[in-house]
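> what's the 3D shape of this:
(one chain, ligands or ions: 3)
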Amino acid sequence: MTTITFTYLPGDGIGPEVGQAAIAVLNAVANKFGHGLDFEEHLIGGAAIDAGLKPLPDATYAHCKATGAILLGAVGGPKWDHLKGADRPELGSLLPLRKNLNLYANIRPCKPYAALIDHAPLKRERLEGVDFVVMRELTGGIYFGDKGRDNLGAYDECRYSEAEVERIAIKAFDLAMTRRKKVTSVDKSNVLETSRLWRETVIKVAARYPEVELEHLLVDAMTMHMLTRAQDFDVILTENMFGDILTDEASVLCGSMGVIPSASISYGTLGMYEPIHGSAPDIAGQGKANPLAMILSAAWMLRLSMGMDTEAAAIEAAVEAALDGGHTTGDLGGSLSTSEVGDWIASHVAH
Ligand SMILES: NC(=O)C1=CN([C@@H]2O[C@H](COP(=O)(O)OP(=O)(O)OC[C@H]3O[C@@H](n4cnc5c(N)ncnc54)[C@H](O)[C@@H]3O)[C@@H](O)[C@H]2O)C=CC1
Ligand SMILES: CC(C)CC(=O)C(=O)O
Ligand SMILES: [Mg+2]
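Numbering: from 1, shown residues only. Ligands and ions are numbered 1, 2, ... in the order given. A predicted model of the protein is given here:
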């Protein structure tokens, strides 16, 4: 019997709500395919702080390292906003987890579901045929630089080494080779030195992939191109902060923040899987959160960390069926609660 083994980190806000829905779906997958399900739930972020622990408790990190497969909800929220530096959930738990596990490649897909095209706030012709993936660098850049306050004000340092740019570029080009063979690299090389290094390095890596078309765009213009000619993109390669911002924008093409999953990977099967959204304090505790991004993240965990393609595909088919049938939360125009959507998908997987 194969066992689905992972670390479950519900975190804060809607994290535990969408997490519970994903666990229900994973239970259904385990039953349907005759697998064991072995996961431990650990504290992270504000939930850990409230329990009197560090934002990333040692036991949490140790278990993540041991299983090498992590399903995370979200961390942070207004309750912990008064905290400073590494005492904050975001800086003290999520970022070190990504950095210490060397999860440098964050993959975020944008392929609007047919059932949602008329729901999105853009015209149908802007959305039909859209199918791109953002390859976001995740362990470098401004989020990880020296930061602080001094007598002049405040500062956040942005650094990238050539090796950091090269390895994420290789991931993007390798992915493009399995798709439509186009990489769009997004930077701000008209102003930033890190972006100049980024562009030079991407050009060097591109020389090793003669079949792949390479396009460069500046990030400010990219925010416009993404809404006006999204069909032109295949793999979008970008640094940490630009990828963070551009993928929230991509959620507009997909109909909601609640439908885009992500995988954070490096080498081998190690991976952390999480929705692109945050803890959504404005809707937390109300059963309104859309669990699809979390459920799809669980599917990616099965596929990328455990090689369970069939099981992942079963979840993805159930999500598509839920959307086709209108079994959705309010953000997508439906009337179901978070757990009702999770249960609907779990029962679809079970049949
Ligand atoms: N990976 C993580 O743990 C992340 C954590 N955060 C943290 O989350 C907190 C809230 O940040 P925000 O800027 O409000 O971003 P957010 O992504 O939590 O929410 C932005 C908007 O999208 C909506 N939304 C998000 N997820 C949704 C879902 N599953 N279903 C329906 N609607 C959804 C929210 O209601 C809100 O209106 C902050 O403390 C932030 O630092 C933010 C992003 C990622
Ligand atoms: C703490 C943030 C960097 C998390 C975030 O917004 C993200 O990874 O999308
Ligand atoms: Mg973000």
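
> and the closest residue to ligand 2 within the chain, helix, strand or coil?
In the chain, the residue that lies nearest ligand 2 is residue 90 (3.8 Å; CB to the nearest ligand atom). Yep, even glycine has a C-beta here, placed from its N, CA and C like the rest. Three-state assignment for residue 90 (DSSP: H, G, I helix; E, B strand; the rest coil): helix.

> And the one 5 residues further on, by the same measure?
For residue 95, the secondary-structure state derived from three-state DSSP is helix.

> ok, and for the helix ranked longest in the chain, which residues are buried?
For the chain, the helix that runs over the most residues, judged by DSSP state H, is helix 15-33. The neighbour-count criterion (16 or more other CB atoms under 10 Å) identifies 15-26, 28-30 as the buried residues of helix 15-33.

> Please apply the same query to stretch 37-56.
39, 42, 43, 44, 45, 46, 47, 48, 49, 54, 55, 56.

> What is the most widely separated pair among these?
Pairwise distances among these were taken by CB to CB; the largest, 22.6 Å, belongs to 39 and 49.

> Need phi/psi at residue 261.
phi -90, psi 180 (degrees, to the nearest 10).

> wait, I meant residue 247
According to degrees, to the nearest 10, residue 247 has phi -80, psi -30.

> Do I have it right that it meets residue 133?
No. Residue 247 is not in contact with residue 133 according to CB atoms under 8 Å; the separation is 10.1 Å.

> Which residue ranges make up each domain of the protein?
Domain ranges of the chain: 1-103+260-351, 120-254, per automatic domain parsing.

> Would the longest one count as contacting ligand 1?
Yes. Remark: domain 1-103+260-351 sits within contact range of ligand 1 at 14, 18, 74-77, 90, 94, 274, 277-283, 289-290, 293, 331, by CB under 6 Å from any ligand atom.

> about what we covered before: within its local environment, how many residues does the residue of the chain closest to ligand 2 see?
Counted by other CB atoms under 10 Å, the residues lying close to residue 90 total 21.

> Counting neighbours, what do you get for the closest residue to it other than its chain neighbours?
Leaving aside its chain neighbours, residue 90 sits nearest to residue 76 (4.9 Å; criterion: CB to CB, 6 or more residues apart in numbering). Residue crowding around residue 76 was assessed by other CB under 10 Å; the count is 24.

> same thing with the one 3 residues further on?
Around residue 79 sit 15 other residues, with neighbours defined as other CB under 10 Å.

> Closest residue of the stretch 251-351 of the chain to ligand 1?
residue 278 (2.3 Å).

> State the distance from that residue to residue 294.
Per CB to CB, to the nearest Å, residue 278 is found 12 Å from residue 294.

> Give the residue from the two that has the larger number of neighbours.
A side-by-side neighbour count of residue 278 and residue 294, using other CB under 10 Å, places residue 294 first with 32 against 21.

> Now do the same contact list for the more buried one.
Residues near residue 294 by CB atoms under 8 Å, 6 or more residues apart in numbering: 18, 19, 21, 22, 71, 73, 261, 274, 275.
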